[in-house]
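Turn this into a model:
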Amino acid sequence: MYKELLIWPLLLEGQVVYPPDAREMVAKACDNFPVDPMIFNRMPDGKLVQGSYGTAEEGEGWGIPPQIFFGGGQGLIRITGLGLDGGDLLGREASTIATAVGTLLNTPYKFKVNTGQCTVKRSEPKVYWVRALMLSKQKNSMNAFKDKATGRFTLASVEPLIRRAVIGGVVSQARFLDEQCNEPALREQQIGTDDMLGLTVLGGEAAVIKAKKDAQVYALIVNNLVFSIDLELKGPWLAGVFRSRGFGLIRQRIVR
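So this is what the prediction gives:
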């Protein structure tokens, strides 16, 4: 299951709010409000929450998805809580966060909390779109995926990283939700093995960006990634690095 908090500040009406900007705005707004730091994927001591299923040596090493991640939209801030713990946390803090945002912007606002399910099942190929999939922020591992002929990152040269990010993201979230929710653990069983998924990269543009405004942290990213996979995903599903900041949200693409 998941919960999502939608906040519509009047001052942002007509503007597109992007996920990193939404997180930055909420973080600034909550400086003077007693909000649980887990909203920002941090422990009480300020350290980043990290964890993985297995290790790279064991063939997994997939990062556990964040309980809370940020999104945006037309004139709105979106915050999503995954699983029972993430949903409960967001439910407790929703009113305080909305008040903090309205106070920071000095504007009227409205908000609501929605609840839904994240489901996955085998299907005919479905086409999905990811606005920004962050693949790596490790410089040495990034450079190993440059195109040998041009010395640049291309969609073809980073395809192995895309496959690992997408499949690892879906599998880790399925496992996380199976562990979190009081229902039969069926999501991960639906996925099957990597060679059963038929993942095909259809489009996108590889680039290196500055990952944080206030630090010299760079990351390898694919913008406007389009891929097909033999899975039907419903609800919010995430892949890649920096998922808590809103990167890697998988959306179904309508093909006409």
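
residue furthest from the geometric center of this protein?
Largest separation from the mean C-alpha position in the chain: A149, at 32.5 Å (CA atoms, centre = their mean).

Distance check, that one against I221.
22 Å (CB to CB, to the nearest Å). Heads up, the C-betas are built off the backbone N, CA and C, glycines and all.

Determine the three-state secondary structure at the residue farthest from the centre of the chain.
Using DSSP: H, G, I helix; E, B strand; the rest coil, the secondary structure recorded for A149 is coil.

What pLDDT is listed against it?
Per-residue confidence (pLDDT) for A149: 75.

And the one 5 residues further on, by the same measure?
Each residue has a pLDDT score; the one for T154 is 84.

That one is in contact with D147, isn't it?
Yes: taking contacts as CB atoms under 8 Å, T154 lies within contact range of D147: 4.7 Å.

In this structure, mark out all the strands, start to finish.
According to DSSP state E, the chain carries its strands in the segments 2-9, 16-17, 52-53, 62-63, 68-71, 73-74, 77-82, 109-116, 119-136, 200-210, 218-234, 237-238, 249-252.

how about the ones you listed in a markdown table, adding mean neighbour count and distance to A100?
Listed next are these as a markdown table, based on neighbours: other CB atoms under 10 Å; distance: least, CB to CB, whole Å:
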| stretch | mean neighbour count | distance to A100 |
| --- | --- | --- |
| strand 2-9 | 22 | 10 |
| strand 16-17 | 16 | 16 |
| strand 52-53 | 14 | 32 |
| strand 62-63 | 20 | 28 |
| strand 68-71 | 25 | 14 |
| strand 73-74 | 14 | 19 |
| strand 77-82 | 26 | 11 |
| strand 109-116 | 14 | 10 |
| strand 119-136 | 18 | 26 |
| strand 200-210 | 15 | 27 |
| strand 218-234 | 20 | 28 |
| strand 237-238 | 26 | 25 |
| strand 249-252 | 18 | 23 |
